[in-house]
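> based on what follows, work out the 3D shape:
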Amino acid sequence: MSFRSNDDIKAVVQATVSLGDIDNVSVTAPADRDVLTWDATSSSWAPQAVTAWPSSTGADYAGTPYEQALVAAANGNLILSPSGDGAIIAQVPNGTAAGGNTRGQYATDWQRNRFVANQVAQNSGSTLKGGRNNYINSFYGTVGGGTGNQDPGGSLSVVAGGRGNNANDGYGTISGGRQNITIGDDSTIGGGYRNGATDYSAVVGGAFSNPSHYGEVAHSLGSFSFNPAQHCRMILRCQTTNATTTELSANGGPPGTSPSLRFGLASNTAYKFKIDLVARESATNDTAWWEISGAIRKGSFSLATSLVGSLSTNTGSTAGASTWAVSVTSATTGNGALLISVTGQAGKTIRWVASLHATRITG
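Predicted structure coming up:
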């Protein structure tokens with residue numbers, strides 16, 4: 001057999017054939033990508049079969065045209081499988097705002113509207129579900145939508161939506177709202193406006209809230225010249241095995257002069273507080289409780305820290321806990337603070353937990 005020119009030999013070979021099978025070839029010049037076919041009688045050139053995703057086209061109820069991808073199998077799943085550590089993305093990266101920068105390994109990025117090229121899911125495993133002008137540069141971080149939200153470096157943080165929110169810590173969460181920021185690891189802002197979670201495991205809501213203690217829960221609704229009118233709650237604890245006076249702290253260990261682990265005061269503030277404290281010794285089931293109310297203030301520096309008036313105290317206990325004691329004082333060391341100290345009993349392992357509620361005014 002012979003061919004008219006090398007251009008005639010444009011075939012895709014998918015099976016082993018003998019030269020004796022190929023005869024009677026059409027001398028018509030094949031088109032680009034044609035394949036040589038054989039039907040047991042004669043050979044001919046034919047267009048290469050292309051497997052396409054089944055789809056349908058039309059217009060929706062508003063007249064907007066569409067093309068719909070269809071899964072032919074009944075109840076079949078739709079699976080997108082990138083190769084290796086490739087990303088799932090909605091646009092081809094082109095280094096401009098139109099397509100954005102290269103996405104991170106294993107990233108998922110469905111956002112199609114951005115102001116600058118780096119507003120994409122940039123880091124490994126990050127997920128950008130939609131919205132516009134959102135940005136992720138943390139490992140396995142997530143931005144759900146909204147506009148102008150950022151997860152710039154806190155691994156595994158989440159911004160669900162809203163506007164101008166910034167999850168700048170590890171494992172933090174901002175559910176929505178506007179211009180909120182998490183800085184402390186594991187902190188949470190439920191929403192609201194211009195809240196800042198600046199310490200570990202803080203929980204914040206409202207507007208202009210600014211907790212500054214380990215694990216503090218804060219709520220504010222407005223401010224005086226950006227100084228929040230705020231209510232907060234803090235949990236403090238310790239364990240004693242003797243009659244040595246011990247200060248409660250947010251992490252259960254010695255707080256030193258840390259304003260975060262004890263109830264440190266901001267400058268030029270006053271607080272009305274209530275302390276609910278319970279203590280228990282497991283072996284004997286001995287129990288004691290205290291309810292202590294008062295007020296504390298701080299001027300522009302730590303030495304200007306003092307209790308205001310006298311404390312109001314209610315207490316009760318079992319007979320075996322009658323010698324256990326609690327004291328509440330002000331500290332002028334460190335940053336100025338409200339101290340809660342307890343005295344246990346020799347030979348008894350006693351656990352102490354206090355819930356501190358405080359209403360704060362600043363300025």
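> and the contacts of stretch 243-263?
Contact with stretch 243-263 is made by 199-200, 212-215, 234-240, 264-265, 327, 331, 333-346, 352, 354, 356, 358, as judged by Cβ atoms under 8 Å, 6 or more residues apart in numbering. No exception for glycine: its C-beta is placed from N, CA and C like everyone else's.
> what about that stretch, how long is it end to end?
23 Å (Cα to Cα, to the nearest Å).
> now do the buried residues in it.
246-250, 252, 255, 258-263 (16 or more other Cβ atoms under 10 Å).
> distance between it and the chain's centre?
29 Å (Cα atoms, centre = their mean, to the nearest Å).
> filter the contacts of stretch 243-263 down to the buried ones and hand me the ChimeraX line.
Selection of buried members from the contacts of stretch 243-263 for ChimeraX, criterion 16+ other Cβ under 10 Å:
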select :199,200,212,213,214,215,234,235,236,237,238,240,264,265,331,334,335,336,337,338,339,340,342,343,344,345,352,354,356,358
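> inside strands: which ones of the contacts of stretch 243-263?
Those of the contacts of stretch 243-263 mapping onto strands are 234-240, 264, 327, 331, 337-343, 352, 354, 356, 358, per DSSP state E.
> quick check: mean pLDDT of stretch 336-347?
Rounded to a whole number, the mean pLDDT of stretch 336-347 is 97.
> straight-line length of it, end to end?
33 Å.
> again, but for stretch 264-275
Note: stretch 264-275 ends 15 Å apart using Cα to Cα.
> which positions in that stretch come out as buried?
264, 265, 266, 269, 271, 273, 275.
> between those, which is closest to residue 146?
residue 266 (30.7 Å; Cβ to Cβ).
> tell me how far the closest one lies from residue 55.
Distance from residue 266 to residue 55, counting by Cβ to Cβ, to the nearest Å: 61 Å.
> now do residue 194
47 Å.
> neighbour count for the two, which is higher?
Taking other Cβ atoms under 10 Å, residue 194 and residue 55 do not tie; residue 194 has more neighbours (19 against 10).
> which element is residue 138 on?
Element membership for residue 138, per DSSP states H and E: none, as it lies in no helix or strand.
> for it, give me its contacts.
Residue 138 touches 123, 126, 151, 152, 153, 154, 155, 156, 157, 167, counting by Cβ under 8 Å, 6+ apart.
> tell me the least confident of the residues you listed?
Among those, residue 154 has the weakest pLDDT, 75.
> ok, it to residue 182 distance?
For residue 154, the distance to residue 182 - Cβ to Cβ - is 7 Å.
> quick check: neighbours shared by those two?
In contact with both residue 154 and residue 182: 167, 168, 169, 172, using Cβ under 8 Å, 6+ apart.
> pLDDT check: weakest of those residues?
Of all those, residue 169 carries the smallest pLDDT score, 87.
> wait, doesn't it sit right on residue 157?
Yes: counting by Cβ atoms under 8 Å, residue 157 is a contact partner of residue 169 at 6.4 Å.
> of those two, which one has the most company?
residue 157 (29 against 26).
> list phi and psi for the closest residue to the more buried one other than its chain neighbours.
Nearest residue to residue 157, sequence neighbours excluded (Cβ to Cβ, 6 or more residues apart in numbering): residue 167, at 3.8 Å. Main-chain torsions, residue 167, degrees, to the nearest 10: phi -90, psi 100.
> count of neighbours near residue 167?
Using other Cβ under 10 Å, residue 167 has 32 other residues around it.
> which residues touch it?
Counted by Cβ under 8 Å, 6+ apart, residue 167 has contacts 138, 141, 150, 151, 154, 157, 158, 159, 173, 174, 181, 182.
> 10 Å - rerun?
By Cβ atoms under 10 Å, 6 or more residues apart in numbering, the contact set of residue 167 is 136, 138, 141-143, 149-154, 156-160, 173-174, 180-183, 187, 189, 197.
> output stretch 308-321 as PDB, restricted to C-alpha atoms.
Only the C-alpha atoms of stretch 308-321 are listed here, as PDB (Å, rounded to 0.1, in the frame of the first residue of the first chain):
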ATOM      1  CA  VAL A 308     -13.800  51.500  95.700                       C
ATOM      2  CA  GLY A 309     -15.700  51.300  99.100                       C
ATOM      3  CA  SER A 310     -16.200  48.000 100.900                       C
ATOM      4  CA  LEU A 311     -16.900  44.500  99.600                       C
ATOM      5  CA  SER A 312     -20.200  42.700 100.000                       C
ATOM      6  CA  THR A 313     -19.700  39.000 100.800                       C
ATOM      7  CA  ASN A 314     -22.100  36.000 101.100                       C
ATOM      8  CA  THR A 315     -20.700  32.600 101.900                       C
ATOM      9  CA  GLY A 316     -21.600  29.100 103.000                       C
ATOM     10  CA  SER A 317     -19.800  25.700 103.500                       C
ATOM     11  CA  THR A 318     -19.900  22.200 104.900                       C
ATOM     12  CA  ALA A 319     -18.300  21.700 108.400                       C
ATOM     13  CA  GLY A 320     -15.100  20.300 106.900                       C
ATOM     14  CA  ALA A 321     -14.600  23.400 104.800                       C
END
